[in-house]
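[1] Task: produce atomic coordinates for the following.
(2 chains)
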Amino acid sequence: AQKVTQAQTEISVVEKEDVTLDCVYETRDTTYYLFWYKQPPSGELVFLIRRNSFDEQNEISGRYSWNFQKSTSSFNFTITASQVVDSAVYFCALSESTYSGGGADGLTFGKGTHLIIQP
Amino acid sequence: GAVVSQHPSRVICKSGTSVKIECRSLDFQATTMFWYRQFPKQSLMLMATSNEGSKATYEQGVEKDKFLINHASLTLSTLTVTSAHPEDSSFYICSARDREASYNEQFFGPGTRLTVL
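    Numbering: from 1, shown residues only, chains lettered A, B, ... in the order given. As a prediction, this is how the structure comes out:
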């Protein structure tokens, strides 16, 4: 069975600090997909990134970066020079389905990390 | 592109009534849609997978007779909460998979907040 663990329930930092959100996953499949979503108070999920299990390259997008390490089953997310607008709940998620063009599995979400950026 | 809408965005109903929530893919066709539930300050939990033209697949612990799902077209899936009770109060979010996009390209709707009095 698949599982996603976000051990940090809440993180509070002062604006401009760097912050890393941890995500550890469990899966028996060799092909899987990992995701990060942001959920502001409005509730709508904002897609941040998708990474498949064959692509271990780290990714950077502006102030956001992701570190995918299969050896430790981790997919951590770092925000550099945090801003107040980054305050939200962040979810890491996993999908085990393989690329077959057929059916698709839903996502298994971690419990989320509530990030608070103080001015 | 890739917009998913949900209607209504917010609904308040009395205990014992049924509530229907619509999930629409506005600019793409979705052979598969997913329904999630999120209780306050908790994570999203997959309830069911809805495939166009066939019966929905429910996750363990989700009552299929209580949460009726219909996916009658490639752009619309509906979730009906039958005989709703206060414990059904939650944030319901759907996602849709674009049949033309790369695998598991899922797009989420804005969610429906259900309050049962």
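[2] going forward, measure contacts between C-alpha atoms and count neighbours the same way
    Will do.
[3] which residues touch stretch B:101-117?
    Residues from elsewhere that reach stretch B:101-117, judged by Cα atoms under 8 Å, 6 or more residues apart in numbering or on different chains: A:43-45, A:99-101, A:104-105, B:2-15, B:21, B:23, B:84-98.
[4] model confidence over that stretch, on average?
    For stretch B:101-117, the mean pLDDT works out to 87.
[5] Over to stretch B:31-40?
    So the average pLDDT for stretch B:31-40 ends up being 93.
[6] Tell me the buried residues in that stretch?
    Residues of stretch B:31-40 classed as buried: B:31-38 (neighbour count, 16 or more other Cα atoms under 10 Å in any protein chain shown).
[7] can you check stretch B:80-95 too?
    Buried, per 16+ other Cα under 10 Å, within stretch B:80-95: B:80-82, B:84-85, B:88-95.
[8] Leaving out the residues flanking it, which one is nearest to A:A81?
    Leaving out its chain neighbours, the residue that sits closest to A:A81 by Cα to Cα, 6 or more residues apart in numbering or on different chains is A:K16, at 3.9 Å.
[9] Next: A:Q57.
    In space, A:Q57 is closest to A:F68, 7.0 Å off (Cα to Cα, 6+ apart).
[10] Wasn't the one you found part of a helix?
    No - counting by DSSP: H, G, I helix; E, B strand; the rest coil, A:F68 falls outside a helix, being strand.
[11] What's the local residue count around it?
    A count of nearby residues for A:F68, using other Cα atoms under 10 Å in any protein chain shown, gives 23.
[12] can you map out the helices along chain A?
    In chain A, no segments count as helices under DSSP state H.
[13] Could I get the contacting residues of the closest residue to B:G109 other than its chain neighbours?
    Leaving aside its chain neighbours, B:G109 sits nearest to B:V4 (4.7 Å; criterion: Cα to Cα, 6+ apart). B:V4 is in contact with B:23-26, B:95-96, B:107-110, counting by Cα under 8 Å, 6+ apart.
[14] ok, then the element right after the helix or strand of chain B with the lowest mean pLDDT?
    The weakest-scoring helix or strand in chain B, judged by mean pLDDT, DSSP states H and E, is strand B:106-108 (a mean of 89). Sequence order places strand B:112-116 as the next helix or strand after strand B:106-108, per DSSP states H and E.
[15] tell me which residues form a beta bridge with A:I117?
    Beta bridges link A:I117 to A:V13, judged by DSSP bridges.
[16] my guess is it meets A:S12, correct?
    Yes - the pair A:I117 and A:S12 qualifies as a contact (Cα atoms under 8 Å) at a distance of 5.9 Å.
[17] Counting neighbours, go ahead and name the busier of those two.
    Taking other Cα under 10 Å, A:I117 and A:S12 do not tie; A:I117 has more neighbours (20 against 12).
[18] quick one: pLDDT of that one?
    97.
[19] Kindly report the same for B:P8.
    Model confidence at B:P8 (pLDDT) stands at 97.
[20] repeat for A:G102
    Reported pLDDT for A:G102: 42.
[21] got it, and A:E56?
    84.
[22] do the same with A:G106
    Model confidence at A:G106, expressed as pLDDT, equals 86.
[23] what's the neighbour count on it?
    A total of 26 residues lie near A:G106 under the criterion other Cα under 10 Å.
[24] got a list of what it touches?
    Going by Cα under 8 Å, 6+ apart, A:G106 touches A:95, B:34, B:46, B:49.
[25] distance of it from A:V13?
    Separation of A:G106 from A:V13 (Cα to Cα, to the nearest Å): 33 Å.
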